[in-house]
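Visitor: Sequence and predicted structure below; questions after.
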Amino acid sequence: MKIDERHLIQLAAVVKTGGVTEGAALLGLAQPAVSRTLSMLEMRLGEPLFIKGRRPLQPTPLGLSLSEQGLVMLAASRKASDLVESFRVGKSGVVRVGGTPFFMDALIAGLCAEFQVTRPDVRIDQSYGYFPDLRAALKADQIDLAICPIDILDEGSGLEFQQILPGRNVIACRVTHPLLLKRRLQPSQLLDYPWVAPPPGSPLLADLRALLLSFGGTEIKVRYSGGSLMSVLNYLKAADALTVMPHSVVFALRKEKSITALPLTIPHPERALAILTRADSVRSPAVDQFVQHIRAGFESLRHLIKRHEEAVVWGR
C-alpha cells in the first residue's frame, strides 16, 4: 500500500502538537483540510489513528508509528526549505576562488575567514595560479572567480574585470637591513646586496627586470628564487636580501614588525589587482556575496595602504 507522504507529514504535525488546529497552523494549512486528510487516511487504512475521547489527541500505536515516519519527512522538508532559503541569500554553497600566491596568502585568506564568520555554511575552495592559468580555469568553469594582477583584457575575452587595488610595488627587506640606515639611499646601492627572485610565472619577475634597468644595472645577485610567500619572508628575515613585492603584501605584514619597505620610489607596474569573472557565467548567490565582501574589504584597506605607503616609502 502506497501512502501519500504529505498525509504522513500532516499526521506527524497533529501528533507533535496534540491537536488538529495546532497541527494545521504548524504547516500553514487550513484546519478542515487537515481533518479531511486524517479521515481519508483512517478510511484507507481501516484502522483508527487516534484514541477516541482523549484531549490532547493521543495516537494509537499505528498512528504513532506512522507519525514517526512523517516526522522524518517533516524534518527533511524543513531542512530542504531552510537550505533553499540559505542558498538564495548566499549563506550556503561553494565559492571556488583562484589567485596569485602572494596576494592570496597575505590578503585574501584573511578576508575569506571574515566572510565565513557570518556565513559559516559557505565552503571556500582556494587554488593558486597566475593570470594565464586562472583565465583558462575560468573558461573551463573550474573556478568561479580569480583575484590577480592584470594590465589589460583582450577585446572579446569573455571576462569581466573589477579593479580592487592599483598596482604598487616596493623593495622589501628585513627591518634591520643596513640600507635602512642610509640617509640618502641611492638606487645603485641596491645592487650590492643579494636578491630574492619571484616565483616563475609571476608578473613580479618582469617588474624586477624593469627595476634593474631603471637602476642602470644589467644583472643582480639572485641568491634565492621560486619560494612561497612564507619561505620568501623567512629568507628575508634571516638575510640582508632584497626583493620586489606588492606594497599591499608588505602592508598586510606590518604588525609582525619583521619586514618593511625601503624608502625608495620605484616604477609602478601598469596593472591593478582585480577580480575576474566570466561574463556569461550564472553565479550562485554565495559567489556574489563573496565578491561584494572582497570589494568592501579592499575599499576599507585602500586608504590605510595609501597612508602606509606615504609614511614608509615616501617618509612623510
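Guide: Okay, I see it.

Visitor: Apart from its chain neighbours, what residue comes closest to the residue nearest the centre of the chain?
Guide: Geometric centre of the chain, nearest residue: Cys112, 4.2 Å, by Cα atoms, centre = their mean. In space, Cys112 comes closest to Ile124 once its chain neighbours are excluded; the distance is 5.1 Å by Cβ to Cβ, 6 or more residues apart in numbering. Where you see a C-beta, it was placed from the backbone N, CA and C, and this is true even at glycine.

Visitor: With Leu145 instead?
Guide: In space, and not counting its chain neighbours, Leu145 is closest to Thr277: 4.9 Å by Cβ to Cβ, 6+ apart.

Visitor: Provide a list of residues in contact with the closest residue in space to Arg119 that isn't next to it in sequence.
Guide: Counting by Cβ to Cβ, 6+ apart, Lys91 is the residue found nearest to Arg119 once chain neighbours are left out, at 5.1 Å. Contact criterion Cβ atoms under 8 Å, 6 or more residues apart in numbering gives Thr118, Arg119, Asp121, Val122, Ala286 as the residues in contact with Lys91.

Visitor: Put the buried members of those into a ChimeraX selection.
Guide: Of the contacts of Lys91, the buried ones can be selected in ChimeraX as follows, counting by 16 or more other Cβ atoms under 10 Å:
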select :119,122,286
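
Visitor: possible to save the contacts of Lys91 as CSV with distance to Ser225, pLDDT and secondary structure?
Guide: Below are the contacts of Lys91 laid out as CSV (distance: Cβ to Cβ, whole Å; pLDDT from 0 to 100; DSSP: H, G, I helix; E, B strand; the rest coil):
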residue, distance to Ser225, pLDDT, secondary structure
Thr118, 40, 93, helix
Arg119, 38, 93, coil
Asp121, 41, 91, strand
Val122, 36, 94, strand
Ala286, 37, 93, helix
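
Visitor: Strands of this protein, residue ranges please.
Guide: In the chain, the strands defined using DSSP state E lie at 92-99, 121-128, 145-150, 159-166, 169-174, 194-197, 221-225, 243-246, 259-261, 272-278.

Visitor: Spit out the contact partners of Leu134.
Guide: For Leu134, the contact set (Cβ under 8 Å, 6+ apart) comprises Gly98, Gly99, Ile143, Ala146, Cys148, Leu276.

Visitor: Please name the nearest non-neighbouring residue to it.
Guide: Using Cβ to Cβ, 6+ apart and skipping residues adjacent in sequence, the residue nearest Leu134 is Ala146, 3.9 Å away.
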